[in-house]
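*Asks:* Next comes the sequence, and after it the predicted model I'd like to discuss.
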Amino acid sequence: MEMIWEFIHAGAVGQATFGNVFMIVIGCIFLYLAIGRSYEPLLLVPIGFGILIGNIPLEPGLGMGIYEEGSVLNILYKGVEWGVYPPLIFLGIGAMTDFSIMLSQPRLMLLGAAAQIGVFITFLGCVLLGFSVKQSAAIGIIGGADGPTSIFLASKMAPEFLGAIALAGYSYMALVPVIQPPIIKLLTTRKERLIRMKPAKPISKRLRIMFPIMAFIFVGCVDPGSIVLLGMLFFGNILRECGVTERLAKTARTSFIDIVTIILGLTVGASTDASRFITPESLKIFGMGAFAFCVATAGGVLFAKLMNLFSKDKINPIIGAAGVSAVPLAARVCQTVGAKEDPSNFLIMHAMAPNVAGVIGSAVVAGVFLTTIL
């Protein structure tokens, strides 16, 4: 009987808290959004199930928990703590990304830069809330809607908030279809949403090959803090564009990035143990992350409207929302919003330009923070 009682006490009966139950409910909600509503299932299914794993109550010392040194989950989580997984994700993104639409319409890169205003405004807001400068930088980068960059920067500047920042970054990436459409409609008129943009000009293969090489050399020299993320992004892209490494490019954009995404999502979810995760600071991080994302979306839309004041060739301001770096989800949202006004107006290719520019922009901003603050 004593053995039976110890067995029962080691599990949920003896160790469960209200926080564990609350987080398990959150994990189930994530799984519902992914499976029932198709909200970015490749992210939310691993994260949601990881939350379940991380919040099943366990007696300390069993060697099973993600924070117990030497456990399997702990070993996998080292890739998050050490910032290993984000550059690998960027490698896969680079192998999937076509920069030609951005190169054919260089002015649309400004929309990706404008969206980074959410990062800097949130950075200042976090400082006012009492977070340190390093912590504020790590929280502010959530506004770029770039989960890997958020994890990478948090691992360097705010490891104590890594779980909260990682979950917030990926959660808002997945909720792009919920958050962005109301902001777009609030800031634009129907006439603006009906604007048709000219087709993009074709880009030569030579320029597509030269761009990742020259862009990396330039950005690396100007912003050395971004070398790791942008180096992997542009390396993946050169694998795609050079034409002689198709097998490597295919691996990078398929099985390789899928494996890393599975492990990253699962361990990020499992890191949300209620005893460490449910704190006033975590709630502030989630609130400021939402604020950052909304400001970044609004910044891209409003800057597109500003550009239209000085341009004869008008930009549909909807695509300004794609300046956040949730690729290609933000571009698909722009297409959906535009299609509701005019089903024959195809915006997704135009939206991909600020979308991929946003990926570069968020990595550059992270590099600036690392160089100037760390």
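*Replies:* Now that the structure is in, tell me what you want to look at. Residues are numbered from 1 along each chain as shown.
*Asks:* now for the biggest helix by length in the chain, which elements pack on it?
*Replies:* Assignment by DSSP state H gives helix 280-308 as the longest helix of the chain. Packing partners of helix 280-308 (3 or more CB pairs under 8 Å, 6 or more residues apart in numbering; DSSP states H and E): helix 109-114, helix 117-128, helix 133-140, helix 162-174, helix 176-187. Heads up, the C-betas are built off the backbone N, CA and C, glycines and all.
*Asks:* Which of the ones you listed sits closest to Gly83?
*Replies:* helix 162-174 (9.6 Å; CB to CB).
*Asks:* Other residues contacting the closest one?
*Replies:* 30, 33-34, 39-40, 43-44, 47, 80-81, 138-139, 141-142, 145-147, 149-151, 154-155, 158, 179, 265, 268-269, 271-272, 276-277, 281-282, 285-286, 289-290, 293, 326, 329 (CB atoms under 8 Å, 6 or more residues apart in numbering).
*Asks:* Also stretch 366-374?
*Replies:* 133-134, 137-138, 141, 149, 152-153, 156-157, 219, 223-227, 229-230.
*Asks:* if you set the cut-off to 10 Å instead, what comes out?
*Replies:* Outside stretch 366-374, the residues within contact range by CB atoms under 10 Å, 6 or more residues apart in numbering are 86, 116, 119-120, 123, 132-134, 136-138, 140-141, 144, 146, 148-150, 152-153, 156-157, 219-220, 222-230.
*Asks:* what distance separates stretch 56-70 from the centre of its chain?
*Replies:* Put simply, stretch 56-70 sits 29 Å off its chain's centre (CA atoms, centre = their mean, to the nearest Å).
*Asks:* Pull the contacting residues for Gly130.
*Replies:* 136, 281, 284.
*Asks:* er, Ala34 actually
*Replies:* Neighbours of Ala34 in contact, by CB under 10 Å, 6+ apart: 40-49, 174.
*Asks:* In helices, which of those residues appear?
*Replies:* 41-49, 174.
*Asks:* now those: which count as buried?
*Replies:* 41, 43-49, 174 (16 or more other CB atoms under 10 Å).
*Asks:* my read: Met23 touches Ala274, true?
*Replies:* Yes - with contact defined as CB atoms under 10 Å, Met23 counts as touching Ala274 (4.8 Å).
*Asks:* now the angle from whichever helix or strand Leu153 is part of to helix 280-308?
*Replies:* In this structure, Leu153 sits in helix 147-157 according to DSSP states H and E. Relative orientation of helix 147-157 versus helix 280-308 (axes from the mean of the first three to the mean of the last three CA atoms, to 10 degrees): 130 degrees.
*Asks:* got the CA coordinates for helix 147-157 in PDB?
*Replies:* Taking C-alpha atoms only, helix 147-157 is exported to PDB below (Å, rounded to 0.1, in the frame of the first residue of the first chain):
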ATOM      1  CA  GLY A 147       9.300  33.400 -33.600                       C
ATOM      2  CA  PRO A 148      12.900  32.200 -34.400                       C
ATOM      3  CA  THR A 149      14.300  35.700 -34.000                       C
ATOM      4  CA  SER A 150      12.400  36.200 -30.800                       C
ATOM      5  CA  ILE A 151      13.900  32.900 -29.400                       C
ATOM      6  CA  PHE A 152      17.400  33.800 -30.600                       C
ATOM      7  CA  LEU A 153      17.400  37.200 -29.100                       C
ATOM      8  CA  ALA A 154      15.800  36.100 -25.800                       C
ATOM      9  CA  SER A 155      18.400  33.300 -25.400                       C
ATOM     10  CA  LYS A 156      21.100  36.000 -25.500                       C
ATOM     11  CA  MET A 157      19.500  38.900 -23.700                       C
END
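*Asks:* one step back: mind telling me which of the helices and strands packed on helix 280-308 the model trusts least?
*Replies:* Confidence, taken as mean pLDDT, is least for helix 162-174 of the helices and strands packed on helix 280-308 (a mean of 85).
*Asks:* Quickly list what's touching both of Met23 and Ala274.
*Replies:* Joint contacts of Met23 and Ala274 (CB under 10 Å, 6+ apart) are 17, 51, 54-55.
*Asks:* Derive a ChimeraX selection command for the buried subset of the residues you listed.
*Replies:* Here is the ChimeraX command that picks out the buried ones among the shared contacts of Met23 and Ala274, judged by 16+ other CB under 10 Å:
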select :51,54,55
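*Asks:* Out of the shared contacts of Met23 and Ala274, flag the one nearest to Gly236.
*Replies:* Closest approach between these and Gly236, by CB to CB: Ile51, at 29.4 Å.
*Asks:* separation between the closest one and Cys334?
*Replies:* For Ile51, the distance to Cys334 equals 30 Å [CB to CB, to the nearest Å].
*Asks:* coming back round to it: drop anything exposed from the contacts of stretch 366-374.
*Replies:* 86, 116, 119-120, 123, 134, 136-138, 140-141, 144, 146, 148-150, 152-153, 156-157, 219-220, 223, 225-230.
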